[in-house]
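Enquirer: please work out how this folds:
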Amino acid sequence: MIASIRTFFRFILVLSLAGILFAYAMFQGGFVSWFLFFGFLPVFLYSLFLTFYPLSLFKAERQFNSSYGEAGQDIQVEVTLKRFLPLPVFYLIIEDSLPESLNWKDTRAKKYQFLSKPKVLMNREAKKTIIFPWFKRRLTYHYLLDHVPRGKHEFSAVKIVTGDFLGIIKKRKVIEVQNDFAVRAWNRTTKLSSGMSAFDEGRQSAFLPQVRHTNVVSGVRDYAPGDRISWVDWKTTAKKQRLVTKEFEQEKNKDVTVLLNGAVADPNRWLAFEAAIELSQSLARQSLNLYGNVQFIHAGALREELMLSNRRRCDEQLIHLLSTIQPLQSSSFEEQLIKEASLRAADRNLLIVSAELNEQIGESVLRLSQQARDVLFIFIAGKKQLTDQEHAIINRLAQSPAGFQWLSEDNLTSEIIEVNA
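Expert: Numbering: from 1, shown residues only. The predicted structure is shown next:
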């Protein structure tokens, strides 16, 4: 309504200016006055034409060079405007409305140097341009979205603006164009400094779970093709006059549960939550390669659980889950933590990744360690973000038998993150 009233008054202004010039030419007479009138007449006529020109004639389309990508990649976007009647338009400003999820740039490991002040990354510029279509029916605008962040990004509209030569008449139109593309979390590299495995008798840690341990002998058996020469029991072979091989206890790789805390009380720690997503994805994948039995749990508004195997579908489910979740600002994670641990077998390893740490969560981790459960709690936060309470909890967990590791800018900016599992 307000826009219509504004257009009406501008229309009256154009007519008034044309009338003033005409009156000047009539009363003044002479070549100069009529030259001014006829010289400005096309400008006035174009302004009047533009007043009634419907921008609804324009139809918009948006295309991406890829509908799926990885965080930190670049995406090419093409916006196309079409119209049926090739009426003259002097200029046209095209602006693609970006969703809020694209306000920041994901520079992968480099972004974590701003872990304590993530607002520095909010530097995405508006995507707009000006073109001079005149009689063209098809207009195309290309632009680049560099360093796209994780998430599902939903585009909703394209804005177009045009006007006359004098800047008196201006018209705007918002064209709804629904598109979206998904960006999965960056698959960064982690290194587990020690494996988690157990033997039939007793327990011990193993640095490389893929390597078969040959230091616990359970018996002997006849030699079979493929057995190593070092496995041959020469004393027994000499007695029995045939090749006999040592038989070793079967190593059992322990099952692993990766638990991601989906809440961050401080909204300024959203970048730490992104790090938690990347780390939990990497830990789940690496544990899957090492141990084979991995359970992934996202403790957010809803409990989401995935049982991972080496099948491609499981990996796709994990990627889809982690590409869409957003942090909550409040939750009862400490209660979920105790509940999840009680549902797990005592010999199952529990890897907890969280961008939040409070007194209740610290007490829960200590309680689990006292129950002789294999728990590793990984806390992610910037050095300048830590409160005095968090400093005290970190010191207490670091001195306790509970598995604990704090990752800050120094760790996250490295190409490889070492996790002391």
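Enquirer: which parts of this structure belong to which domain?
Expert: The chain breaks down by automatic domain parsing into domains covering 2-52, 55-184, 189-194+253-419, 214-250.
Enquirer: would you mind finding the most buried of those domains?
Expert: domain 189-194+253-419 (a mean of 18; mean count of other C-beta atoms under 10 Å). Every C-beta, even on glycine, is put in place using the N, C-alpha and C of the backbone.
Enquirer: what's in contact with stretch 153-161?
Expert: For stretch 153-161, the surrounding residues in contact (C-beta atoms under 8 Å, 6 or more residues apart in numbering) are 55, 58, 60, 62, 79, 81, 92-99, 101-102, 128, 170-183.
Enquirer: redo that, cut-off 7 Å
Expert: 55, 58, 60, 62, 79, 92-97, 99, 101-102, 170, 172-181, 183 (C-beta atoms under 7 Å, 6 or more residues apart in numbering).
Enquirer: could you dump the domains of the chain to JSON lines with mean pLDDT?
Expert: Formatted as JSON lines, the domains of the chain follow (pLDDT from 0 to 100):
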{"stretch": "domain 2-52", "mean pLDDT": "80"}
{"stretch": "domain 55-184", "mean pLDDT": "93"}
{"stretch": "domain 189-194+253-419", "mean pLDDT": "88"}
{"stretch": "domain 214-250", "mean pLDDT": "75"}
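Enquirer: if we can go back for a sec, now, the contacts of stretch 153-161 that are in helices?
Expert: Residues of those located in helices (DSSP state H): none.
Enquirer: now intersect these with the strands, please.
Expert: Among the contacts of stretch 153-161, the members found in strands (DSSP state E) are 60, 62, 79, 92-96, 170, 172-181, 183.
Enquirer: do me a favour and get the end-to-end distance for stretch 89-102?
Expert: Counting by C-alpha to C-alpha, to the nearest Å, you get 32 Å between the two ends of stretch 89-102.
Enquirer: neighbouring contacts of that stretch?
Expert: 77, 79, 81, 124, 126-134, 139, 141, 145, 148-149, 151, 153-162, 165.
Enquirer: cool, stretch 265-282 as well?
Expert: So stretch 265-282 is in contact with 111-112, 115, 118, 150, 185-190, 258, 260, 264, 318, 322, 327, 329-330, 353-356, 378, 380-382, 385, 412, 417, going by C-beta under 7 Å, 6+ apart.
Enquirer: do the same with stretch 304-311
Expert: By C-beta under 7 Å, 6+ apart, stretch 304-311 touches 284, 288, 294-298, 314, 317-318, 321.
Enquirer: those residues: which two are farthest apart?
Expert: For the contacts of stretch 304-311, the farthest-apart pair by C-beta to C-beta is Leu288 and His298; their separation is 16.2 Å.
Enquirer: would you map the strands across the stretch 1-150 of the chain?
Expert: Under the criterion DSSP state E, counting those that start in this stretch, the stretch 1-150 of the chain contains strands at 59-64, 68-70, 75-82, 92-96, 127-131, 138-145.
Enquirer: what's the last one packed up against?
Expert: In terms of contact count using 3 or more C-beta pairs under 7 Å, 6 or more residues apart in numbering; DSSP states H and E, strand 138-145 is assigned the packing partners strand 75-82, strand 127-131.
Enquirer: quick one: the helices in the stretch 251-400 of the chain, in order.
Expert: Secondary structure of the stretch 251-400 of the chain by DSSP state H, counting those that start in this stretch: the helices cover 270-291, 312-324, 333-343, 359-370, 388-399.
Enquirer: quick one on the thing from earlier: export the helices and strands packed on strand 138-145 to TSV and tack on distance to Ser47?
Expert: As requested, those are exported to TSV (distance: least, C-beta to C-beta, whole Å):
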stretch	distance to Ser47
strand 75-82	22
strand 127-131	19
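Enquirer: what's the closest of the ones you listed to Asp233?
Expert: Across those, closest to Asp233 is strand 75-82 (C-beta to C-beta), at 62.1 Å.
Enquirer: which outside residues touch that closest one?
Expert: By C-beta under 7 Å, 6+ apart, the surrounding residues in contact with strand 75-82 are 58-66, 69, 94, 96, 137-145, 148, 158, 181.
Enquirer: returning to what we had before: select, out of the helices and strands packed on strand 138-145, the one closest to Gly403.
Expert: strand 75-82 (39.2 Å).
Enquirer: so what are the sheet partners of that closest one and their directions?
Expert: According to DSSP bridges, strand 75-82 has the following sheet partners: strand 59-64 (antiparallel), strand 138-145 (antiparallel).
Enquirer: dump those strands to TSV, plus distance to Leu13.
Expert: Putting those into TSV (distance: least, C-beta to C-beta, whole Å) gives the following:
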stretch	distance to Leu13
strand 59-64	30
strand 138-145	29
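Enquirer: the ones you listed: which one's closest to Lys240?
Expert: If we rank the strands paired with strand 75-82 by C-beta to C-beta, the stretch that ends up nearest is strand 59-64, at 70.6 Å.
Enquirer: quick one: the closest one to strand 92-96, angle?
Expert: 50 degrees (axes from the mean of the first three to the mean of the last three C-alpha atoms, to 10 degrees).
Enquirer: what about dumping the CA coordinates of strand 59-64 to PDB?
Expert: As requested, the backbone C-alpha atoms of strand 59-64 are provided in PDB (Å, rounded to 0.1, in the frame of the first residue of the first chain):
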ATOM      1  CA  LYS A  59      10.600 -15.000 -14.000                       C
ATOM      2  CA  ALA A  60      13.700 -16.200 -12.100                       C
ATOM      3  CA  GLU A  61      15.600 -19.500 -11.900                       C
ATOM      4  CA  ARG A  62      18.700 -20.500  -9.800                       C
ATOM      5  CA  GLN A  63      21.100 -23.300 -10.500                       C
ATOM      6  CA  PHE A  64      24.100 -24.600  -8.600                       C
END
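Enquirer: how far does it sit from the chain's center?
Expert: Computed by C-alpha atoms, centre = their mean, to the nearest Å, the chain-centroid distance of strand 59-64 equals 24 Å.
Enquirer: between that strand and strand 170-184, how many degrees?
Expert: 30 degrees.
Enquirer: what's strand 59-64 in contact with?
Expert: 75, 77-82, 155, 158, 175, 177, 179, 181.
Enquirer: try 8 Å this time
Expert: 75-83, 96, 155, 158, 160, 175, 177, 179, 181.
Enquirer: got a list of what the nearest residue to Lys384 once chain neighbours are set aside touches?
Expert: Excluding the flanking residues, the one nearest Lys384 by C-beta to C-beta, 6 or more residues apart in numbering is Ser116, at 3.9 Å. Ser116 sits next to 382-385, 409 when contact means C-beta under 8 Å, 6+ apart.
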